[in-house]
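# The following block contains a protein sequence and its predicted model.
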Amino acid sequence: MNPGAEDGVRIGLSAVVMTLKARQAVVLTTPAEDGARALPFGPFDPLRDRTFERALRDFVTAQTGFRLGFVEQLYTFGDAGRASPRATPGPERRREVSVGYLALTPDAAEGEVHDARWDAVFDYFPWEDRRQPADPALAEHLKAWAGWDEARLTRVRSLFALTAENRWDEERVLERYELLYEARLAPEAWRDAGQPAPPALPGRPMASDHRRILATALGRLRSKLKYRPVLFDLTPGVFTLSQLQAGAEAVSGLSLHKQNFRRGVERTGLVEPTGRMSSTTGGRPAELFRFKGVDAQTGAAPGLSLPAQR
């Protein structure tokens, strides 16, 4: 029995497992009962499971065949009305409290295992990829929803950088998704209201509130890029500086200035040359580098600056 089951509460664990594949940020998903994609998710059983993390690792491997490396806790999601994507509908459905975790890996195993697969993160949040032209229809829908309400207009302009005075903040992923949900521009808002969603709403929906959990994870990862060397948790052991920049762009959704990015990498002292060259870049051979790791004396391991193109 789950803790709290007697008063209608169950505790579940959900995992956002991310890596880079074909120069895209991708997330591991599984099928839900309604046909939507879901994050790996499972219940916590206090009689069987010694810790949340041990339970998380076990059911992710069981559902996807994937073995987790480093994980960190994201947030606890317990809004009224949320339910497991594998819960059985009906009067016995209990309130779900989900503890979300973020896991990063350099290894995107090829092929589907137990119907699990790697999906492009920007398929779920296309507006977060600022390397592509912004969708003018989305801006018009948001402004129509805001109407003459100044507070709404301010939120829309600020979050989606609709005017020259508003700077795009790549870390505010969750706030943008929640605004779209409030404006009923997210399919989940219609589903949760028991109504059919209109066609052509932006981004693919996910089961339960898993797109909200994924938004939280993407915002956390983008933030951590700047103060911790998390990008190297997503990259192979050796890489070119172009591949490293492509990884930073895939996560941040920004087009980065090449020379400024390389100078920033050099200033951190995080990488060192291997003395080898790559011949798989499609052009001139490029020098291969590796991550040096945390400074043994100080423990310092800074993040990377993200010098966006203007």
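Done, it's in. Just so it is clear, the model here is predicted, and its values are computed rather than measured. Numbering: from 1, shown residues only.
# Name the nearest residue to residue 57, ignoring sequence neighbours.
residue 68 (5.1 Å; CB to CB, 6 or more residues apart in numbering). Placement of C-beta: from N, CA and C, glycine included.
# isn't the one you found right up against residue 60?
Yes - between residue 68 and residue 60 there is a contact under CB atoms under 8 Å: 5.6 Å.
# What residues sit buried inside whichever strand or helix holds residue 191?
According to DSSP states H and E, residue 191 maps onto helix 187-192. For helix 187-192, a neighbour-count test (16 or more other CB atoms under 10 Å) marks 187, 188, 189, 190, 191 as buried.
# so what's residue 73 up against?
52, 99, 100, 101, 102 (CB atoms under 8 Å, 6 or more residues apart in numbering).
# Restricted to helices, list those.
residue 52 (DSSP state H).
# Filter the contacts of residue 73 down to the buried ones and express that as a ChimeraX selection.
Buried subset of those, written as a ChimeraX selection, criterion 16+ other CB under 10 Å:
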select :99,100,101,102
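# Which of the contacts of residue 73 fall within strands?
Those of those mapping onto strands are 99, 100, 101, 102, per DSSP state E.
# hmm, back to that, which one of residue 68 and residue 60 is surrounded by more residues?
More neighbours surround residue 60 than the other of residue 68 and residue 60, with 27 against 20 (other CB atoms under 10 Å).
# rewinding a little: now for the helix holding residue 191, which elements pack on it?
Under the contact definition 3 or more CB pairs under 8 Å, 6 or more residues apart in numbering; DSSP states H and E, helix 187-192 sits against helix 173-182.
# Show me which residues of the helix it packs on are buried.
173, 174, 176, 177, 179, 180, 181.
# Which residues does it contact?
By CB under 8 Å, 6+ apart, the residues outside helix 173-182 that reach it are 125, 127-128, 142, 155-156, 159-160, 186, 188-189, 202, 211-212, 215-216, 218-219, 222.
# and residue 20, what helix or strand is that in?
Going by DSSP H and E, residue 20 is part of strand 9-21.
# Output the contacting helices and strands for that strand.
Based on contacts counted as 3+ CB pairs under 8 Å, 6+ apart, the elements that strand 9-21 packs against are strand 24-31, strand 41-43, helix 52-64, strand 71-77, strand 95-104, helix 210-225, helix 241-252.
# and of those, who's closest to residue 9?
When those are compared for distance to residue 9 using CB to CB, the nearest one is strand 95-104, at 5.1 Å.
# That closest one versus helix 241-252: what angle between them?
Here strand 95-104 runs at an angle of 170 degrees relative to helix 241-252 (axes from the mean of the first three to the mean of the last three CA atoms, to 10 degrees).
# Just name whatever secondary elements strand 95-104 is in contact with.
strand 9-21, helix 52-64, strand 71-77, helix 210-225.
# Quick check: neighbours of that strand in the sheet, parallel or antiparallel?
Paired strands of strand 95-104, with direction, are strand 9-21 (parallel), strand 71-77 (antiparallel) (DSSP bridges).
# which element follows that strand toward the C-terminus?
Per DSSP H and E, the first helix or strand lying C-terminal to strand 95-104 is strand 117-120.
# What residues does residue 103 make contact with?
Counting by CB under 8 Å, 6+ apart, residue 103 makes contact with 15, 16, 17, 18, 60, 68, 69, 70, 71, 72.
# Quick one: low-confidence residue ranges for the chain.
Across the chain, residues meeting the criterion (pLDDT under 70) sit at 1-8, 79-95, 109-113, 280-283, 295-300, 309-310.
# again, 50 this time
Per-residue confidence for the chain (pLDDT under 50) gives these ranges: 1-6, 86-92.
# Quickly note the distance from the residue nearest the centre of it to residue 122.
Using CA atoms, centre = their mean, the residue of the chain that lies closest to the mean C-alpha position is residue 218, 3.2 Å off. Applying CB to CB, to the nearest Å, the value for residue 218 to residue 122 is 9 Å.
# what touches both of the two?
25, 128.
# still on that earlier bit, what sits closest to the residue nearest to the centre of the chain if chain neighbours are left out?
Spatial nearest neighbour of residue 218, excluding adjacent residues (CB to CB, 6+ apart): residue 173 at 4.7 Å.
# any idea how far the one you found lies from residue 192?
20 Å.
# go on, residue 72?
Distance of residue 72 to residue 192, given as CB to CB: 28 Å.
# How about residue 99?
Between residue 99 and residue 192 the computed distance is 21 Å (CB to CB).
# same thing with residue 255?
Relative to residue 192, and taking CB to CB, residue 255 is found at 35 Å.
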